[in-house]
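1. Sharing a model that was predicted from the sequence below.
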Amino acid sequence: MPRSRINGNFIDKTFSIVANILLQIIPTTSGEKEAFTYYRDGMSAQSEGNYAEALQNYYEAMRLEIDPYDRSYILYNIGLIHTSNGEHTKALEYYFRALERNPFLPQAFNNMAVICHYRGEQAIREGDSEIAEAWFDQAAEYWKQAIALTPGNYIEAHNWLKITRRFE
């Protein structure tokens with residue numbers, strides 16, 4: 001049974017009802033409908049912290065989904081799971097793949113910047129200031145892209161860029 005039919009959360013149930021109505025109204029292929037069902041089930045599992053189940057659903061949605069824009073969000077969510085699991089290299093790979101399909105995902109740029117900043121801090125703790133600066137410079141580039149896409153968001157990143165004199 002699809003996860004969307006067993007979820008007891010009111011918001012998830014409401015979302016599922018609305019999504020099912022939209023799927024009936026909007027002309028889509030059966031493959032697109034099935035891909036969306038897997039994507040929706042993946043989001044539900046992810047929100048509950050069931051990452052293995054979420055990944056299975058996202059991978060199945062990727063197999064079925066043909067629209068690059070929709071695929072970008074699936075890839076982004078896979079990146080989120082890898083970030084949560086501390087698998088930063090994998091997360092960066094999925095964020096890159098999402099941005100290849102949709103370069104207007106500021107949240108992907110932000111998450112990439114956060115990972116790079118974290119790696120810069122790790123390098124400082126390990127006593128490698130040169131490597132740390134390279135990671136911080138990369139974080140700055142990603143944050144600049146996120147801020148350019150959504151001015152007014154990412155205030156802390158904007159302040160960090162100013163304080164570290166990386167904002168141009």
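-> It's in.

2. what ranges do the helices span in this protein?
-> Listed in chain order, the helices of the chain (DSSP state H) span 3-6, 10-25, 30-47, 51-64, 68-84, 88-101, 106-125, 129-149, 155-163.

3. Pretty sure His158 sits against Ala146.
-> No: using Cβ atoms under 8 Å, His158 is not in contact with Ala146, being 9.6 Å away. C-beta coordinates here come from the backbone N, C-alpha and C atoms, glycine included.

4. ok so, going back, TSV for the helices of the chain, including mean neighbour count and mean pLDDT?
-> Listed next are the helices of the chain as TSV, based on neighbours: other Cβ atoms under 10 Å; pLDDT from 0 to 100:
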stretch	mean neighbour count	mean pLDDT
helix 3-6	15	49
helix 10-25	12	61
helix 30-47	19	91
helix 51-64	18	98
helix 68-84	20	97
helix 88-101	18	98
helix 106-125	20	98
helix 129-149	18	98
helix 155-163	14	96
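
5. Against Gln145, how distant is Leu92?
-> Distance, Leu92 to Gln145, using Cβ to Cβ, to the nearest Å: 14 Å.

6. One more: Ile124?
-> Distance, Ile124 to Gln145, by Cβ to Cβ: 24 Å.

7. ok, the residue nearest the centre of the chain - contacts?
-> Geometric centre of the chain, nearest residue: Tyr76, 3.1 Å, by Cα atoms, centre = their mean. By Cβ atoms under 8 Å, 6 or more residues apart in numbering, the residues touching Tyr76 are Tyr94, Tyr95, Ala98, Leu105, Gln107, Ala108.

8. State the pair within these that is farthest apart.
-> Across the contacts of Tyr76, the longest distance by Cβ to Cβ is 12.6 Å; it joins Tyr94 and Gln107.

9. For Asn102, what are phi and psi?
-> phi -150, psi 90 (degrees, to the nearest 10).

10. Domain ranges for this protein, per the record?
-> Domain segmentation of the chain under the TED database yields 29-87, 104-167.

11. Wait, Ser72 touches Tyr95, no?
-> No: the criterion here is Cβ under 8 Å, and Ser72 misses it with Tyr95 at 10.0 Å.

12. Tell me which residue of the chain is furthest from the middle?
-> If you look at how far each residue of the chain sits from its centre, by Cα atoms, centre = their mean, the farthest one is Gly127, at 30.9 Å.

13. okay, that residue: pLDDT?
-> With respect to pLDDT, Gly127 scores 98.

14. can you give me phi and psi for it?
-> Dihedral pair for Gly127: phi 80, psi 20, per degrees, to the nearest 10.
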